[in-house]
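Model the following, please.
(2 chains)
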Amino acid sequence: DAGVIQSPRHEVTEMGQEVTLRCKPISGHDYLFWYRQTMMRGLELLIYFNNNVPIDDSGMPEDRFSAKMPNASFSTLKIQPSEPRDSAVYFCASSPLFSGANVLTFGAGSRLTVL
Amino acid sequence: AQKITQTQPGMFVQEKEAVTLDCTYDTSDQSYGLFWYKQPSSGEMIFLIYQGSYDEQNATEGRYSLNFQKARKSANLVISASQLGDSAMYFCAMREFQGAQKLVFGQGTRLTINP
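Here you go, the predicted structure:
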């Protein structure tokens, strides 16, 4: 299996621009997670999906952030408009179940820089 | 609310020595799981080891073991015979099985192995 695939790996954009991050989970994994990593706040859970349905989006910082999962093999995290404080590494992770010892498998991350 | 605390921002260890990375947690749930992840300089998150709250024995995975002290709410990672490739950030994480069910991460410990 190719693992969790994220794109782009690096994105540099200017304040005010729209940013779309993409994720392909591992086939057969029913859960998908979006995390954000910064030096100040560490790893934060933004939102997670079960069978393409958003379950908990309480970590989404504000209305500028939105996430979708139109099918089992694709998810997007969109920031519109972007701001410099959104600069971070955004990780997507997937899991077959969300119980017991089921482990989240992470993608390589998307490093976003907003100038 | 669940909380993970890693009190060691950085640690320096000589190659081949054993090292213990501290992790304490706070939860009101009786059922939960504890995880350790490694993040090398390349940025990916790599799962190392898992301990369930009802597991009677400490988890082990190769050179990794988890020193689980439930009454003290600690889940320290022990790496035996450290290697240069062990230099990385290490994150402790917890998921409550009855409460929020989110995988919450600590701030991490940066481990440097010296030759």
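
Tell me the spacing between A:Phe74 and A:Asn102.
Applying CB to CB, to the nearest Å, the value for A:Phe74 to A:Asn102 is 21 Å. Backbone N, C-alpha and C define where each C-beta goes, glycine included.

Tell me how far the residue sitting nearest the centre point of chain A lies from chain B.
Nearest to the mean C-alpha position of chain A, by CA atoms, centre = their mean, lies A:Trp34 at 3.0 Å. Here A:Trp34 is placed at a distance of 12 Å from chain B (CB to the nearest CB, to the nearest Å).

Who are the packing partners of the helix or strand hosting that residue?
Following DSSP states H and E, one finds A:Trp34 within strand A:31-38. Packing partners of strand A:31-38 (3 or more CB pairs under 8 Å, 6 or more residues apart in numbering or on different chains; DSSP states H and E): strand A:42-50, strand A:74-79, strand A:88-95.

Can you tell me which of these is most buried?
Ranked by mean neighbour count, these are led by strand A:88-95 with a mean of 23 (mean count of other CB atoms under 10 Å in any protein chain shown).

List the neighbouring strands of that one plus their orientation.
strand A:31-38 (antiparallel), strand A:105-106 (antiparallel), strand A:110-114 (antiparallel) (DSSP bridges).

got these as TSV, with mean pLDDT columns?
Shown next, in TSV, are these (pLDDT from 0 to 100):
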stretch	mean pLDDT
strand A:31-38	96
strand A:105-106	95
strand A:110-114	98
